[in-house]
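Novice: sequence plus the predicted model coming up.
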Amino acid sequence: MASGCIVRLCRSALSLQLKASERLLPAVNPVHSTSRRNNSNRTSVVRCGRQVYARLYPVLLVRPDGSTINIRYKEPKRIITMPVDVSLLPEAERKARMRKRDPKRTRMKEEQFEDEFKIDDYSKFWKKK
């Protein structure tokens, strides 16, 4: 227990010593004669390097039994539905759900065009007077 406290004290003293030496010693680079300053101007240029952002959005979670819960979620969505376990459903409902999953077959309608075009109705447009 005592050795852990001593190690922590040594580390904190070393970090304080390094911080003080950075402030007091001049810059090593001969091109830039100013010392390094960590202030608000530096942090405004650099982006925030978070792995997980704190913003959570209110979302409605729908359970398989139909009950709903308001939760906070990382993405802005309105509704999230939980998947239904098909093996636990009754046979009729399971077949109905499986039919909904199948691709719908559409019949190709053959369109019949009836030609009722009469050229005499439009001849007035190209006749010269």
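Specialist: Noted; the coordinates are in hand. Numbering: from 1, shown residues only.
Novice: helix or strand right after the worst-scoring helix or strand of the chain on mean pLDDT?
Specialist: Every helix and strand in the chain was compared by mean pLDDT, DSSP states H and E; the lowest is helix 40-45, with a mean of 58. Going down the chain from helix 40-45, the next helix or strand is strand 57-62, by DSSP states H and E.
Novice: so what touches that following strand?
Specialist: The contact list for strand 57-62, computed with Cβ atoms under 8 Å, 6 or more residues apart in numbering, reads 68-82. Glycine gets a C-beta too; all of them are placed from N, C-alpha and C.
Novice: so what are the sheet partners of that strand and their directions?
Specialist: According to DSSP bridges, strand 57-62 forms sheet pairs with strand 68-73 (antiparallel), strand 79-81 (parallel).
Novice: can you point out the buried residues in that strand?
Specialist: Val59 (16 or more other Cβ atoms under 10 Å).
Novice: any chance of the strands paired with strand 57-62 in a markdown table with mean neighbour count and mean pLDDT as columns?
Specialist: Putting these into a markdown table (neighbours: other Cβ atoms under 10 Å; pLDDT from 0 to 100) gives the following:
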| stretch | mean neighbour count | mean pLDDT |
| --- | --- | --- |
| strand 68-73 | 11 | 94 |
| strand 79-81 | 11 | 94 |
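Novice: what's the closest of those to Arg97?
Specialist: Among those, strand 79-81 comes nearest to Arg97, with 13.2 Å by Cβ to Cβ.
Novice: what's the helix or strand just after the closest one in contact with?
Specialist: Heading C-terminal from strand 79-81, the first helix or strand you meet, by DSSP H and E, is helix 91-101. The contact list for helix 91-101 (Cβ under 8 Å, 6+ apart) reads 84, 86-87, 89.
Novice: mean confidence score for stretch 84-91?
Specialist: Mean pLDDT, computed over stretch 84-91, is 89.
Novice: low-confidence bits of the chain, can you list those?
Specialist: Scanning the chain for pLDDT under 70 picks out 1-5, 7, 9-10, 13-14, 16-53, 129.
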